[in-house]
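>>> This is a predicted model, with the sequence first.
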Amino acid sequence: MLANRETPASALLADADTGLGSGLALLMDELAHGVLVATVEGRLLHANQAARHELARRRVLGSRHNLLQACTSDSVKVLQDALAKAADGKRSLIELGALEGPGLTMAVLPLKTGAAGGLPRAALLFARASVCESLMLCFFARSHGLTATEEHVLGILCQGFSAPQIAAQLEVAVSTVRSHVRSLCAKTRSSGVRELVNRVAVLPPVAPPFWHEAMH
């Protein structure tokens, strides 16, 4: 199951017999989380936009002849074991290594088949790339009347930086950053930075628009 880096993105089964209604498939494409549906042997049945975007990169997972393939040798057995557990009705939380950069954490969940004797299937749910996607941050900022600067500061806060670190990045005084933070908390009715960041972290995982552009 080791990926061939020359695998084209067109190997994905966008119109495979997945058993998913067209409305549900469209909804899945709006999610920031990658979602795959595959047989427990690793045959790809469906991939939403976020998952197709990740597979096309061939950094952690790839697809060849419609078979899921881990891109590092250490991850091959990890993926195989998780799919085998799904065949037995067990869930797994795994991390697959990447050819470069950070790996990818995903949950592997067994799916019930709709018909007796149907092939066992598994859903692979990818972790979100970051706590705060730009699209949802923009929605949040607009709904609370944040200024462009406040939105920028909030985005940096969500990456785990402190007020002094943000001040250094923006080349402003720490007091200026703290003034923005106080305004952010007041406008969003948050008791402090922790509550504010937590509120952003649990926003609905809507995919950014660039994932809906054609991939070449």
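Nice, I can see it. Numbering: from 1, shown residues only.
>>> how does this protein divide into domains?
Domain segmentation of the chain under automatic domain parsing yields 9-126, 134-201.
>>> Deepest in the core, which of those is it.
Compared across the domains of the chain, domain 9-126 shows the largest average neighbour count, a mean of 17 (mean count of other C-beta atoms under 10 Å). From N, CA and C alone the C-beta is placed, and that goes for glycine too.
>>> Tell me which stretches of this structure form strands.
35-39, 44-47, 61-64, 67-70, 92-96, 104-111, 121-126 (DSSP state E).
>>> Next, format those as TSV and append mean pLDDT.
Converted to TSV, these look like this (pLDDT from 0 to 100):
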stretch	mean pLDDT
strand 35-39	93
strand 44-47	92
strand 61-64	92
strand 67-70	94
strand 92-96	96
strand 104-111	94
strand 121-126	94
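>>> Turn the ones you listed into TSV, including distance to Val78.
Shown next, in TSV, are those (distance: least, C-beta to C-beta, whole Å):
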stretch	distance to Val78
strand 35-39	15
strand 44-47	18
strand 61-64	11
strand 67-70	7
strand 92-96	5
strand 104-111	10
strand 121-126	12
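>>> So what sits opposite Ser92 in the bridge?
Val108 (DSSP bridges).
>>> so what's it up against?
Asp81, Ala82, Lys85, Ala86, Ala107, Val108 (C-beta atoms under 8 Å, 6 or more residues apart in numbering).
>>> circling back: of the strands of the chain, which is nearest Ala25?
With respect to Ala25, and counting by C-beta to C-beta, the nearest of the strands of the chain is strand 44-47 at 6.9 Å.
>>> Adjacent strands (with direction) for that closest one?
Sheet pairing for strand 44-47, assigned by DSSP bridges, gives strand 35-39 (antiparallel).
>>> The least confident helix or strand in the chain by mean pLDDT to strand 35-39, inter-axis angle?
Ranking every helix and strand in the chain by mean pLDDT, DSSP states H and E puts helix 22-29 at the bottom, with a mean of 76. Put simply, helix 22-29 runs at 120 degrees to strand 35-39, going by axes from the mean of the first three to the mean of the last three C-alpha atoms, to 10 degrees.
>>> next one: helix 22-29 to chain centre, how far?
16 Å (C-alpha atoms, centre = their mean, to the nearest Å).
>>> Any chance you could give me that helix in CSV, C-alpha atoms only?
Extracted C-alpha coordinates of helix 22-29, given in CSV (Å, rounded to 0.1, in the frame of the first residue of the first chain):
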residue,chain,number,x,y,z
SER,A,22,-26.2,13.3,-3.6
GLY,A,23,-27.3,15.8,-1.0
LEU,A,24,-25.1,14.2,1.6
ALA,A,25,-22.2,14.1,-0.7
LEU,A,26,-22.6,17.8,-1.5
LEU,A,27,-22.8,18.5,2.2
MET,A,28,-19.6,16.6,2.8
ASP,A,29,-17.8,18.7,0.2
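>>> Can we start the residue count at 103 from this point?
Got it, the first residue is 103 from now on, which makes the last one we talked about helix 124-131.
>>> Ser281 is in contact with Ala269, correct?
No - with contact defined as C-beta atoms under 8 Å, Ala269 does not count as touching Ser281 (10.9 Å).
>>> Alright, that wraps it up for me.
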